[in-house]
Structures are given as C-alpha cells and as structure tokens.
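Colleague: Generate a structure from the sequence data that follows.
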Amino acid sequence: MIPAEQAATAALLRRLAGADPVETHISAVYVGPDTAWKLKKAVALGFLDFSTLAARERFLRRELEINRPGAPALYRDILPVTRAADGGLALGGDGEVVDWVLRMAPVPAADFLDAVAARDGLDAPLLDAIADAAFALHAGLPPAGGVDAPAAMARVLAGNLAACRAAGLPADGIAALEAAARGW
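Modeller: So this is what the prediction gives:
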C-alpha cells in the first residue's frame, strides 16, 4: 500500500505507466511500455528507513550506483518528482521536489522469478547462476567504511526476525534462521 503522503506521486506514475504498480513492502514499480519507474515507499521498518525525502533520494542513488554496472541497459537514472506553481506534479520539473524515482527499462513479466517458477523454470543451473551473480556483486563491492559490521548485522538480523514474527512464520523456522545467521 502506498503511504498517503505519496498518493499524488503514485497517481502521476500510474498515469504515465498506464498500469497499477508491482508492489513490495518497500517499493512500487510502475511499468509502462518503454519505461519503468521505481518509487521507494515512505516507510520505516526495523531494517531500513525510507521515511524522509532525503533518505529515499540517497537509497535510490545508491541502488543505481550498485546495480547499473551489472545491468546498464536496465538502470537509467534518478529523477525528481516536482510540484509546479499550479500544484501539478511532473518528473524532472523545475518546482519543489516532493519525491524521487528510479527510471529503468521495463522487464518483461515473463522474466520475473515468480513467472519463471510458475513454469517450473527455477532449475538448479539457474539458481546457481543467480547465487553466483549475487555473490560476485557483493564480493566486488568495497568494504563499508565507518561501519561497526557486527553491530550493523545484529540490527539487520533483529529487524528480519521481527518481520518474520510479524508475518506469522513458524517459530521453529525463525529459530533456525537466527541460529544460521548468528553462525555466519
């Protein structure tokens, strides 16, 4: 669900895309015929905080920086959503910035992993390739400076465990996840 403070931005993106968004708990992606726009939802969860305009801009810029090298044809740029003097919203306009979006090329619906899974396409070679690509991406990143990694990871784990509990996942599975993560 899109937060109320982003309703006007969501309406603009819906009009541009001509379709409802694909939503997660943290983002809404509006997929048009030749462009997709990703909106970070103004939410604060245990493991992230996108509640401010500055945070959404920062995290979208970071997402572009991390992902563009591996998918340059997909990740295009970051655009401000602006409010004109007449109150209307525009992408990249001259008015007050009210939000930020990541502009991307659209991905065919058949290429999303849920669609691949629905046609029994998540075989061992594909899963290994996905895991290898994710590992290579992370391995190629420089270490985060000025971060107390154990404390930061403990906070991430605590947020993930809280989210698992809130989602009603089985307690034994949550305990197994916690034990494995602490072991890592």
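
Colleague: would you list every one of the strands in the chain?
Modeller: Here the chain has its strands, by DSSP state E, at 22-23, 27-31, 36-40, 44-45, 48-49, 75-83, 89-91, 96-104.

Colleague: I'd like the ones you listed written out as TSV, with mean pLDDT, mean neighbour count and distance to Pro142 added.
Modeller: C-beta: built from backbone N, CA, C; applies to glycine. Formatted as TSV, the strands of the chain follow (pLDDT from 0 to 100; neighbours: other Cβ atoms under 10 Å; distance: least, Cβ to Cβ, whole Å):
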stretch	mean pLDDT	mean neighbour count	distance to Pro142
strand 22-23	92	14	31
strand 27-31	96	21	25
strand 36-40	98	24	23
strand 44-45	92	14	26
strand 48-49	92	14	21
strand 75-83	97	18	19
strand 89-91	95	16	32
strand 96-104	97	20	22
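
Colleague: Could you dump those strands into TSV with distance to Ala117 added?
Modeller: Output for the strands of the chain, formatted as TSV (distance: least, Cβ to Cβ, whole Å):
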stretch	distance to Ala117
strand 22-23	16
strand 27-31	19
strand 36-40	21
strand 44-45	25
strand 48-49	26
strand 75-83	24
strand 89-91	33
strand 96-104	22
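
Colleague: Quick one: closest of these to Leu12.
Modeller: Among those, strand 89-91 comes nearest to Leu12, with 4.6 Å by Cβ to Cβ.

Colleague: where does Ala28 sit relative to Arg68, distance-wise?
Modeller: Ala28 is 21 Å from Arg68, where distance means Cβ to Cβ, to the nearest Å.

Colleague: Also Ala134?
Modeller: Ala134 is 16 Å from Arg68, by Cβ to Cβ.
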